[in-house]
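Enquirer: Fold the following.
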Amino acid sequence: MRRDLDFLSGKFFDYDVPKVQRYLLKYFTGKIQKAFVRYYLLFGCCRSFRDHTGIYCSWSFVLRLETKFHKLVASYQEAKADFSEEGLAKLGQIEAGKFKLHIVRRKPGGKGAK
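Expert: Numbers count the residues shown, from 1 in each chain. This next block holds a predicted model:
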């Protein structure tokens, strides 16, 4: 019910990202990417992102944004749980926007492409 009301009110257009998750905006810099972060934090999925926001982009781009989002959040949680010097350094890099993500991209054409 809450999601329906959030959608109908258009809350995702001007949703204020919580302070704890503002580090994400350092990695998602474009207009579409920032809209994706707001939408994803509010709804928790990207299935209807293009339809609900009216933003034109390819589905593969949306999936790449979702992968990047999940990798960043997982790296942040991992660094936050690690109290060693390296973990704290990694946490500082992530929050400063200087962490390098290693995202493996598939070959064009998907599985079994020649």
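
Enquirer: my guess is L101 meets L72, correct?
Expert: Yes. Using CB atoms under 8 Å, L101 is in contact with L72, at 6.7 Å. Quick note: C-beta positions are derived from backbone N, CA and C, even for glycine.

Enquirer: Now do the lengthiest helix in the chain: everything it contacts.
Expert: Ranked by residue count, the top helix of the chain under DSSP state H comes out as helix 59-81. With contact meaning CB atoms under 8 Å, 6 or more residues apart in numbering, helix 59-81 is reached by 23-24, 27-28, 32-33, 36-37, 40, 46, 49-50, 87-88, 90-91, 94, 99, 101, 103.

Enquirer: From these, list just the buried residues.
Expert: Buried residues within those, counting neighbours by 16 or more other CB atoms under 10 Å: 23-24, 27-28, 32-33, 36-37, 40, 46, 49-50, 90-91, 94, 99.

Enquirer: Among the residues you listed, which lie within helices?
Expert: Per DSSP H, the subset of the buried ones among the contacts of helix 59-81 in helices is I32, Q33, F36, V37, Y40, F49, R50, K90, L91, I94.

Enquirer: okay, F7: pLDDT?
Expert: Looking at F7, its pLDDT stands at 56.

Enquirer: For the residue nearest to the spatial centre of the chain, report the pLDDT, please.
Expert: Residue closest to the average C-alpha location in the chain (CA atoms, centre = their mean): F69, at 2.9 Å. In this model, F69 is scored at 91, pLDDT.
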